[in-house]
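Q: Give me a 3D structure for the following:
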Amino acid sequence: MTYDVLGAGALDYMPCRYGHSKLLFRGPERRLDAPYVSFLGGNATYGKFIKAPFPALVESGLGVNCVNFGVANAGVDVLLNDSFLTGACAGAAATVVQIVGAQNLSNRFYTVHPRRNDRFLTASPLLTAIYPEVDFAEFHFTRHMLSSLYTVSRERFAAVRNEVQTAWLARMKLLLKNASSETVLVWFADHAPLHQEPAGLDPAKARSPLFVTREMLEELGPHASRFVEVVATPEATSAGTEGMVFSQMEAMAAAEMLGPKAHGELAMELGAVLQELV
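A: Take a look at the predicted model:
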């Protein structure tokens, strides 16, 4: 790893803006007036702590501009509700969509920040009625809030989990519909999708992408041109933070991310698929 003991800014992401979007994307900025592939997703697509994330690796082999529209800590909402992104993906030769967790989106039970989807804003009257003993003012992040609800009552929490899964599936279908005619849905994790999430699993301890099951992906599959499932190899996961760039304050967060070797594995699989589509 490259380790910056001084703190912030260990890796220069060369942030840039496109069009009228309020979002800051990872640079360097790519041209949109020539054929390009758009990449939507969260931390992995953005390439947090990674010098060359998989969109950049794919670009080097594909020979077509690959525009990184990944957003740190993104949920489906920020990817779906930004009008610039909708137009940019519609104009792309293909769009790659990284599967992100279902917890970071607004739904009937709670509202998240429109751009920083991991931030919890408010609980709905319905949720406060289900959990009258919970003080929602103490929560700032969705996963912390959900973990607390799970601890209070596993039985009541099942309704919350079902709601976010239903909302996620509906919005992912719309996201794929709004994208270019060729879409590639990507599962990128250190484990294969589970057929059913264990009922006794605390969200704080669950692996990402949270709440997304094999059955949900099977329902979503027909809405995409291709589905790419890449589970990092033991060699990639055992490498830990080797080759990653982060500050001392970011060490714990970096340890939860897949590293450069895993990004290389995904780029190989994804590049072969995009060669056929672009």
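
Q: Ala192 is in contact with Glu229, isn't it?
A: Yes. In this structure, Ala192 is within contact of Glu229 by C-beta atoms under 8 Å, at 7.1 Å. For every residue, glycine as well, the C-beta is placed using N, CA and C.

Q: more crowded one of these two?
A: Glu229 (15 against 11; other C-beta atoms under 10 Å).

Q: wait, doesn't the more buried one sit right on Pro193?
A: Yes. The criterion here is C-beta under 8 Å, and Glu229 meets it with Pro193 at 7.4 Å.

Q: Quickly list what's touching both of these two.
A: Trp187 (C-beta atoms under 8 Å, 6 or more residues apart in numbering).

Q: mind listing the helices in the stretch 151-278 of the chain by residue range?
A: 154-178, 214-220, 234-238, 251-255, 260-277 (DSSP state H, counting those that start in this stretch).

Q: Mind jotting down where the strands sit in the protein?
A: Assigned by DSSP state E, the chain shows strands spanning 2-4, 36-41, 65-70, 94-98, 110-112, 120-123, 183-189, 226-231, 245-247.

Q: wait, which of these is closest to His263?
A: strand 183-189 (8.6 Å; C-beta to C-beta).

Q: Tell me what angle that closest one forms with helix 154-178.
A: 140 degrees (axes from the mean of the first three to the mean of the last three C-alpha atoms, to 10 degrees).

Q: tilt between strand 183-189 and helix 260-277?
A: Using the same axes, to 10 degrees: strand 183-189 against helix 260-277 is 160 degrees.

Q: Measure how strand 183-189 sits relative to strand 36-41, angle-wise.
A: 40 degrees.

Q: How far away from the center of its chain is strand 183-189?
A: 10 Å (C-alpha atoms, centre = their mean, to the nearest Å).

Q: Can you list the neighbours in contact with it?
A: 41, 44, 54, 94-99, 176, 193, 207-209, 217, 220-221, 223-232, 258, 262, 266, 270, 273-274, 277.

Q: If you go by neighbour count, which of those residues are buried?
A: Taking 16 or more other C-beta atoms under 10 Å as the criterion, what is buried in those is 41, 44, 54, 94-99, 176, 193, 208-209, 217, 220, 223-228, 230-232, 258, 262, 266, 270, 273-274, 277.
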